[in-house]
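Asks: Return a 3D structure for these sequence lines:
(2 chains)
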Number of protein chains: 2
Amino acid sequence: MSGRFGFDLLRVDQSGARLGRLTTPHGVVETPAFMPVGTHGAVKGVTPRELRELGATMVLANAYHLAQRPGVETVQALGGLHALMAWDGPILTDSGGFQVMSLGTLVRVDDDGVRYRSHVDGRAGTLGPEDAVAVQEALGVDVAMALDECVSASAPRAAVVSAVARTTAWAARGLAARARPETALFGIVQGGFDEALRAASAEAISALGFDGYAVGGLSVGEPAAETARVAAATVGRLPVRQPRYLMGVGTPGDLLRFVAMGYDLFDCVLPTRNGRNGTLFTRQGKVMIRNAAHARDARPVEDGCPCYTCTRYSRGTLRHLVLGGEMLGARLATLHNLHFYLDLMREMRAALAEGTFPGRAAAAAGIWA
Amino acid sequence: MSGRFGFDLLRVDQSGARLGRLTTPHGVVETPAFMPVGTHGAVKGVTPRELRELGATMVLANAYHLAQRPGVETVQALGGLHALMAWDGPILTDSGGFQVMSLGTLVRVDDDGVRYRSHVDGRAGTLGPEDAVAVQEALGVDVAMALDECVSASAPRAAVVSAVARTTAWAARGLAARARPETALFGIVQGGFDEALRAASAEAISALGFDGYAVGGLSVGEPAAETARVAAATVGRLPVRQPRYLMGVGTPGDLLRFVAMGYDLFDCVLPTRNGRNGTLFTRQGKVMIRNAAHARDARPVEDGCPCYTCTRYSRGTLRHLVLGGEMLGARLATLHNLHFYLDLMREMRAALAEGTFPGRAAAAAGIWA
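Replies: A predicted model of the protein is given here:
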């Protein structure tokens, strides 16, 4: 257990959904929680003030990306990642295993770690399990992720077996390398789409004793039923008293489904990326704001939505701004989508507290199943 | 004089600088004032809430651009330009004469107006002096500009003479076409770089009796001394009791120079465009935030600056965000630059009120001469 890190499990619903409270050196996160994604140290187009107003409590960044640019020593010189992001709340970073394997060129993975050429400047780099912990501790984050080996969804079983074993070995080395008690460390479960391998990975990683547990390698393009099958097979093998983070998930329907399964933390680029592309989430379904049908529609994106965008701008205006490539259009769409996601999580937490889960969230998320 | 439009000249400094108050249907503008530019209906990347917090009182948009996209009828269907922009303060639009002549293709100008092909979709369009007024009135703006003929800085004298005559004729036709008392109409002085033609244009336009007077065709790439010479030769020919708007100007030094000359209103893309490109205005001079020297600089862009950016972000972070093409970098740089401009105007107004003009603004603007 880290310095000021803790997780209180407040209530477990009959569905399996959990109401919890994560305590970090930079504040408390009521769970289940969705973390907006700020890969390079900024949630695209959104200020920390707006994140606070939207009700975000914890944000995600990526250690690999930040290590490439601006570099760990630069982040340190600028006062650490909280100072860089001007965000005084909790920050979780992914170690970057997934990113280096998907973005780096000439990637080679062996027992020592990952050798790659940077996708930014082509420089050779290495990332071992100890490095991953050291980098995230140097960034000063509240929650770091152990280095894991990610294999593609189509990898043969032998490769998945090997990746599970390596991920466990790296997890142990990462734990042993810890030097900063203020940074909590989560282990990551791998195992592809094989339930037995997932169970074995979950048990091996859990046995090492992390501050929390993440499930990786899902939501990488597989059918939703596959994600659900594997996530369900994994969650019961994780410790009850620690937080559970389902990485890279998902749609609003996913959030409801996996909260009900007992996961506590989520991150996804969908609300921000879709916003920039002009796709908006509403309780009535998707609004493709570029469509001509919205051109003269003076209604807000979502009737009754209290977000900055919906209380001030019409669909027609948003369409005009997005079609014209105006930065403000991307901003306004992003704000609405983040509000939708964060509001959905608030509704789930309220329903859990009242014993009425999933409550109002069911209808909102259901349309996005 | 328009419905609720008025201009009170509160004080004239010995330098010639004027302290004034413009009253419009959407509120009061203390002058001298700088108008942030929102050509297509949005100040790039900035919300109305931020504009208010920065102290902007009046914004500028462009009737030609809005007529091309989303179209005047669409703006009307969405509740008018104030609703489109979600801005309840005063709006001034340029008629778009300058834009249609510089952006349109196959432009032909005759006494009836301008024939062009849209730079957006190639459709043929016409813009006559009556159309220009009708479009701006339909947008519902507080201040409209009469259609003027802009000629290039290198145009032969005969072309300038012709443009001055046509601008006067169009001004009269624009005035006669007015139908909406809530929209004030400003006439525009042309005349190239010929002082005699400028004087003649100023007198002809003034004689028609507009709500205010603009000087156009300057700040189009000519040397600063030329701009100043022509602006000085023109300003004395304009009515004392109406507001004077120097279009498209300029640097901080320009603002001080032309306020001192007796101009009241200004607009320029410099603070917003430079911000997006990573060039920041400070009282110590230009900060090119992309420069490597700023990489590990934990100081703000400008020490002591109370803007959102400077109170939360380091130079190093801003460099990281701008270099990475992060939308937030462009936003933060734009906020700082707009703060710099609007603060400079506040200082000039305060100095005029106290009889100490140019006061603190002199040093700030001086470095930008």
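Asks: I'd say A:Arg108 and A:Arg115 touch.
Replies: Yes. Here A:Arg108 reaches A:Arg115: they are 4.6 Å apart, a contact under Cβ atoms under 8 Å. Quick note: C-beta positions are derived from backbone N, CA and C, even for glycine.
Asks: mind listing the strands for the stretch 51-200 of chain A?
Replies: A:59-62, A:91-94, A:105-110, A:113-117, A:124-127, A:143-145, A:184-189 (DSSP state E, counting those that start in this stretch).
Asks: Same check on the stretch 251-369 of chain A?
Replies: Assigned by DSSP E, counting those that start in this stretch, the stretch 251-369 of chain A shows strands spanning A:265-267, A:279-282, A:285-288.
Asks: so can I have JSON lines of the ones you listed showing mean neighbour count, mean pLDDT and distance to A:Asp297?
Replies: Below are the strands of the stretch 251-369 of chain A laid out as JSON lines (neighbours: other Cβ atoms under 10 Å in any protein chain shown; pLDDT from 0 to 100; distance: least, Cβ to Cβ, whole Å):
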{"stretch": "strand A:265-267", "mean neighbour count": "24", "mean pLDDT": "98", "distance to A:Asp297": "32"}
{"stretch": "strand A:279-282", "mean neighbour count": "23", "mean pLDDT": "97", "distance to A:Asp297": "13"}
{"stretch": "strand A:285-288", "mean neighbour count": "14", "mean pLDDT": "96", "distance to A:Asp297": "10"}
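Asks: and of the strands of the stretch 51-200 of chain A, who's closest to B:Ala179?
Replies: Minimum separation from B:Ala179 across the strands of the stretch 51-200 of chain A (Cβ to Cβ) falls at strand A:59-62, 52.4 Å.
Asks: Export only the CA atoms of the closest one, formatted as CSV.
Replies: Provided in CSV are the C-alpha atoms of strand A:59-62 (Å, rounded to 0.1, in the frame of the first residue of the first chain):
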residue,chain,number,x,y,z
VAL,A,59,-7.3,12.3,-15.5
LEU,A,60,-5.1,9.9,-17.5
ALA,A,61,-1.9,10.6,-19.3
ASN,A,62,0.7,8.4,-21.0
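Asks: Centre of the chain to it, how far?
Replies: On the basis of Cα atoms, centre = their mean, to the nearest Å, strand A:59-62 sits 7 Å off its chain's mean C-alpha point.
Asks: Stretch A:126-140 now?
Replies: For stretch A:126-140, the distance to the chain centre is 19 Å (Cα atoms, centre = their mean).
Asks: now what about that stretch, what contacts it?
Replies: Identification of contacts with stretch A:126-140 by Cβ atoms under 8 Å, 6 or more residues apart in numbering or on different chains yields A:61, A:63-64, A:66-67, A:72, A:75-76, A:80-82, A:93, A:95-97, A:100, A:112-116, A:144-147, A:169-171, A:173-174, A:176-180, A:182-183, A:185.
Asks: ok, back up a step: quick one, which of A:Arg108 and A:Arg115 is more surrounded?
Replies: A:Arg115 (17 against 11; other Cβ atoms under 10 Å in any protein chain shown).
Asks: can you tell me how far that one sits from chain B?
Replies: 24 Å (Cβ to the nearest Cβ, to the nearest Å).
Asks: Check A:Gly96 too.
Replies: 16 Å.
Asks: Can you give me the pLDDT of that residue?
Replies: Looking at A:Gly96, its pLDDT reads 83.
Asks: for the one 5 residues further on, same thing?
Replies: Model confidence at A:Met101, expressed as pLDDT, equals 74.
Asks: Surely it touches A:Asp148?
Replies: No. With contacts counted by Cβ under 8 Å, A:Met101 stays clear of A:Asp148, the gap being 9.6 Å.
Asks: ok, the two, which is more surrounded?
Replies: The residue with more neighbours, out of A:Met101 and A:Asp148, is A:Asp148; 30 against 19, by other Cβ under 10 Å.
Asks: so who does the more buried one touch?
Replies: A:Ser95, A:Gly97, A:Phe98, A:Thr167, A:Trp170, A:Ala171, A:Ile188, A:Gln190, A:Gly216, A:Gly217.
Asks: on that earlier part again, what would the strands of the stretch 251-369 of chain A look like in JSON lines with distance to chain B?
Replies: JSON lines is the format used below for the strands of the stretch 251-369 of chain A (distance: least, Cβ to the nearest Cβ, whole Å):
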{"stretch": "strand A:265-267", "distance to chain B": "18"}
{"stretch": "strand A:279-282", "distance to chain B": "17"}
{"stretch": "strand A:285-288", "distance to chain B": "16"}
